[in-house]
Each structure stands twice: as structure tokens, then as C-alpha cells.
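Asker: coords please:
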Amino acid sequence: MDWNSRRITSILENALLEDRATRDATSYACIDPNQKATATILVKQDCILAGLGCVPRILDVYAALDGAVTSHYEITSHPEIFDGVRMHKGQAAAVIRHNARVILSCERVILNFMQRLSGIATLSRKFVDAVAGTKVAILDTRKTVPGLRILDKYAVRCGGGHNHRLDLSDGVLIKNNHIALAGGIAPVLERTLRNRRGVQPIEIEVKSLQELEEALQHGAEAILLDNMSVEEVRSAVERCARFDRRIPLECSGGITLENVRPYAETGVDYISVGALTHSAQAMDLSLRIMPA
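Answerer: As a prediction, this is how the structure comes out:
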């Protein structure tokens, strides 16, 4: 992750502006402007860590917004602690030494990002662990918080998952609404094969084995099996194995930690799980601040 990119910088800047961090009335009123402090980021439950790289960038962006920060921060962390590592309750993720007012003003923004990203990474790892030993890859979706997609998807990778499309330009995926508007599977595939730009493979969503057969016969290059049972997915895998060319298969819809293993054992290539980003529970982290 390039934490210095313009896109990430803009996200962090907007978060600080939203919190009016440079106008922290409480810290201004009760903390000496020259007070130094040490802050420890504590993990309060077992999790997969993600977002550690945002800490120095938030402090940098705050300094640029404030214009009056003259002290320099120091952030220390154990060499074996980094994004994607498994953390245990009570462990320290990092220690910040800096101006006390600055730490207090950035505290909530730092924790908001790290808690959310660690939550996504932790849930992603649970799904990845659940299918260990199979060939399947766990994919995310575009069901992300508006404006935070690049971070949400980064957190999925920290948990061992893989990214599906980053945005609508990042691949051709024909879904049920496209099919309905174009008049069916055959006409939508015919139009897409004629109009696509570049060499992006054409993936189409199907909801039954009958629709799968129609998609195969009309040029589909990848298939999304939507809301099918384990038995139907297994039949789809067997059918595609007999086809005259390689057809990557993805399944989605109703996938949970309880049933992801049976789906993975069908031989499908990918399982996409919207819950990785739209339903992940934020992890419990805290910032313990002491005078330096």
C-alpha cells in the first residue's frame, strides 16, 4: 500500500477535516502546547492487524493542515508486527512519541481507520482459513464504504483474501440487470463480445444450470454462479470441466463461514463474499497516552 499516494492522502485529510482535528477545543483548553506524550496502540482482542501504515501519514497530514506543528514524531513497533500479522489481546501494535496535543487530536481518526481495517482483515482471514487446502481463492466485492474502497480492499489482502474488481472499469461482469435490459443471456453476450474494449474476459452471472449452459454456448469466458446450492455448483464445475475451453468459475450469494468449506470443495475457482467489507465488525483497539 502506498500510504503517500494522493488518493490515500486525500482520504486521511478528509477524515481529519471531518473531525476538525486542528480545532480540538478540549486539548487546546487543557493541555500545555509544549507537553510531550507517549501513546501506545493496544490491541484489546485477538485480530489480524491492518492499517498500521496510516499512523505516520495521519500525523504528517495533520501537521500540513495545522501549519504550526514544529516537533517531530517517533513511532516504534516490534519488527514482527506489521499489517497482516496475527495479534493477541493485550499486545502493543506501536508506540508514538510526539506532541501531546497532536496525538490527542489525531487519536480518534487513527483508531477509526485501524479498527475498521483490522476488522476486515480478521474476517477475511477467517474465510481464508476455512477453505485452507482447497484451490479456491476468497474474493471481495464492491460492497465497500463509499470513498474507502482502496483501504477496504487493502485490508482484505492483509487477511489473505484477493481483490475482485476495484471499480466498474476493472472488468466485464454481466449481472442480472444487464441481462434483463439486453433481453436475455444470448443477446447480452453477443452485444458484449462485439463492444468490449481491450481483452478483459467476459464474466456473466447465472442463476441455474440451464442459464449456465446457455452462457457457455454463447461465448461466456467466465461464469459467476449466483445463489446456487452446493450440489448445483458441483454440477456446474463438472459441466465446465467437459467444455472445450477453460472456464473460470466463481460462486457468490449466501456464503457464510459455516458453508464456505462445502462450496470450496466443489472445485470452484473463486468464492466472492460481500460480507468481508460490508459486515466486518471493527476490532477493539485503544490508544493509551502518558506524559513523556
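Asker: hey, where'd the helices end up in the stretch 51-200 of the chain?
Answerer: 54-66, 100-130, 149-158, 176-182, 185-195 (DSSP state H, counting those that start in this stretch).
Asker: quick one: distance of the second one to the chain centre.
Answerer: In terms of CA atoms, centre = their mean, to the nearest Å, the centre of helix 100-130 is set 12 Å apart from its chain centre.
Asker: so which bits of it are buried?
Answerer: Buried positions in helix 100-130, judged by neighbour count with 16 or more other CB atoms under 10 Å: 100-107, 109-128, 130. Where C-beta positions appear, they are placed from N, C-alpha and C, glycine not excepted.
Asker: check the last one too.
Answerer: Within helix 185-195, the residues that qualify as buried are I185, V188, L189, T192, counting by 16+ other CB under 10 Å.
Asker: and which of those is nearest G53?
Answerer: The closest of the buried residues of helix 185-195 to G53 turns out to be T192 (CB to CB; 38.8 Å).
Asker: follow-up on the earlier one: okay if I get the helices of the stretch 51-200 of the chain as a markdown table plus distance to D167?
Answerer: Below are the helices of the stretch 51-200 of the chain laid out as a markdown table (distance: least, CB to CB, whole Å):
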| stretch | distance to D167 |
| --- | --- |
| helix 54-66 | 22 |
| helix 100-130 | 18 |
| helix 149-158 | 8 |
| helix 176-182 | 16 |
| helix 185-195 | 18 |
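Asker: any chance of those in CSV, plus distance to E13 and mean pLDDT?
Answerer: Output for those, formatted as CSV (distance: least, CB to CB, whole Å; pLDDT from 0 to 100):
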stretch, distance to E13, mean pLDDT
helix 54-66, 5, 98
helix 100-130, 10, 98
helix 149-158, 14, 98
helix 176-182, 35, 97
helix 185-195, 39, 97
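Asker: first to last residue in stretch 60-78, what's the distance?
Answerer: End-to-end span of stretch 60-78 (CA to CA, to the nearest Å): 22 Å.
Asker: pretty sure D2 is touching G53, no?
Answerer: No. In terms of CB atoms under 8 Å, D2 does not count as a neighbour of G53; the distance is 9.3 Å.
Asker: please identify which of those two sits among more neighbours.
Answerer: G53 (19 against 10; other CB atoms under 10 Å).
Asker: report pLDDT for the residue nearest to L52 when sequence neighbours are not counted.
Answerer: Using CB to CB, 6 or more residues apart in numbering and skipping residues adjacent in sequence, the residue nearest L52 is D83, 5.4 Å away. Per-residue pLDDT puts D83 at 98.
Asker: next, the contact list for the closest residue to T76 other than its chain neighbours, please.
Answerer: Nearest residue to T76, sequence neighbours excluded (CB to CB, 6+ apart): V95, at 5.0 Å. Shown in contact with V95 (CB atoms under 8 Å, 6 or more residues apart in numbering): T38, A39, T40, I41, I75, T76, S77.
Asker: hmm, try it at 7 Å
Answerer: By CB atoms under 7 Å, 6 or more residues apart in numbering, V95 lies in contact with T38, T40, T76.
Asker: find me the pLDDT at the last one, would you?
Answerer: Meaning T76. In this model, T76 carries a pLDDT of 96.
Asker: that one: how many residues sit nearby?
Answerer: As a burial measure, T76 scores 10 neighbours (other CB under 10 Å).
Asker: if I look at it, how far off is T38?
Answerer: 10 Å (CB to CB, to the nearest Å).
Asker: repeat for R57
Answerer: 20 Å.
Asker: same thing with N259?
Answerer: Between N259 and T38 the computed distance is 46 Å (CB to CB).
Asker: of the two, which one has the most company?
Answerer: Taking neighbours as other CB under 10 Å, N259 and T38 compare with T38 leading, 17 against 13.
Asker: that one touches A292, doesn't it?
Answerer: Yes. Under the criterion of CB atoms under 7 Å, T38 makes contact with A292 at 4.9 Å.
Asker: what touches both of these two?
Answerer: R97.
Asker: OK, contacts around G147?
Answerer: Contacts for G147 (CB under 7 Å, 6+ apart) come out as I11.
Asker: if we can go back for a sec, export the contacts of V95 as a markdown table, with columns for distance to D19.
Answerer: As requested, those are arranged in a markdown table below (distance: CB to CB, whole Å):
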| residue | distance to D19 |
| --- | --- |
| T38 | 22 |
| T40 | 21 |
| T76 | 25 |
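Asker: phi and psi next, for A29.
Answerer: When read as degrees, to the nearest 10, the backbone of A29 gives phi -80, psi -30.
Asker: now do the strands in this structure.
Answerer: 36-43, 47-48, 74-76, 86-87, 92-99, 137-139, 172-174, 202-206, 222-226, 249-252, 270-272, 285-291 (DSSP state E).
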